[in-house]
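Enquirer: model the following, please.
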Amino acid sequence: MTKARTNADNASADVQGVTAGTGLSGGGTSGTVTVSIDTATTVDINTAQSLANKTLTAPIVVSPEERWTTSAASAGTTVDFDASTQGVLYYTGSATANWTLNVRGTSSTTLNSILAVGDSITIAFLATNGATARYQTAFQIDGSAVTPKYSGGTAPASGNASSIDAYQYTIVKTAATPTYTVFGSGPVKYA
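Expert: As a prediction, this is how the structure comes out:
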């Protein structure tokens, strides 16, 4: 007479051992077997680790979503751009005067505190102009004046009447003091 096999019989008969593959350690052939992440060769997202001797591949970004803020406000005097909450700021009200663009983290956080040396951020500001053309006359980071390097070598000297003018800036933090290099373009007219 043949004895019927049970699940316990099947489990012990089918598994002959567990071997840890790439990036894992442990394994065994009997008893309770443990397999762990080998932190010498892989990154564990649940553990603080130094990334020395790790190879990281740059990701490919396809059509990233950006945060816009659209406001009925009008540009004039100083426009505060909160880089922690938006990539693009669009004022739909007609500008009332030429303005200074001040880029910061938020009203309570500096851009300096969120950028490490070597980091960069790209932002855009869109200002609506009515019949009188207004434009950006100065640029600040955290309330301190910075002179951008403009595309074409010339800072804006006028805006465009009855249109939307777009300004774009890439801000690179170059030293902890803090020091920045800013690359700017605009105004680009949209009508």
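Enquirer: ranges for the helices of the protein?
Expert: 7-14, 111-114 (DSSP state H).
Enquirer: if you average pLDDT over each of those, which is lowest?
Expert: Of all those, the minimum mean pLDDT falls on helix 7-14 (a mean of 56).
Enquirer: excluding its backbone neighbours, what's nearest Tyr150?
Expert: Gly184 (4.9 Å; C-beta to C-beta, 6 or more residues apart in numbering). Every residue, glycine included, has its C-beta placed from N, CA and C.
Enquirer: so what pairs up with that neighbour in the strands?
Expert: Following DSSP bridges, Gly184 is listed with bridge partners Tyr150, Tyr169.
Enquirer: now do the same end-to-end measure for stretch 75-89.
Expert: Stretch 75-89 has an end-to-end distance of 11 Å (C-alpha to C-alpha, to the nearest Å).
Enquirer: how far does it sit from its chain's centre?
Expert: Offset of stretch 75-89 from its chain centre (C-alpha atoms, centre = their mean, to the nearest Å): 16 Å.
Enquirer: and the contacts of it?
Expert: Residues from elsewhere that reach stretch 75-89 (C-beta atoms under 8 Å, 6 or more residues apart in numbering): 66-69, 71, 91, 93, 95-107, 109, 111, 114, 121-128, 134, 136, 140.
Enquirer: of those, buried ones?
Expert: 91, 95, 98-105, 111, 121, 123-128, 134, 136, 140 (16 or more other C-beta atoms under 10 Å).
Enquirer: hmm, the residue nearest to Tyr150 is touching Tyr169, no?
Expert: Yes - in this structure Gly184 lies within contact range of Tyr169 using C-beta atoms under 8 Å: 4.9 Å.
Enquirer: spell out which residues are contacts of both of the two.
Expert: Phe139, Pro148.
Enquirer: in this protein, where is pLDDT below threshold?
Expert: 1-15, 39-41, 43-45, 47-56 (pLDDT under 70).
Enquirer: domain-wise, how is it divided?
Expert: 7-37, 68-190 (automatic domain parsing).
Enquirer: what's the distance between stretch 90-100 and the middle of its chain?
Expert: On C-alpha atoms, centre = their mean, the centre of stretch 90-100 falls 26 Å from that of its chain.
Enquirer: quickly list what the residue nearest the centre of the chain is bridged to.
Expert: Centroid-nearest residue in the chain, with C-alpha atoms, centre = their mean: Ile121, separated by 6.8 Å. When bridges are called by DSSP bridges, Ile121 pairs up with Ile171.
Enquirer: list the residues that contact it.
Expert: Ala83, Leu111, Leu115, Thr170, Ile171.
Enquirer: so which of these is the closest to Ser30?
Expert: Checking these against Ser30 by C-beta to C-beta gives Leu115 as the nearest, at 54.4 Å.
Enquirer: nice, that's everything, thank you.
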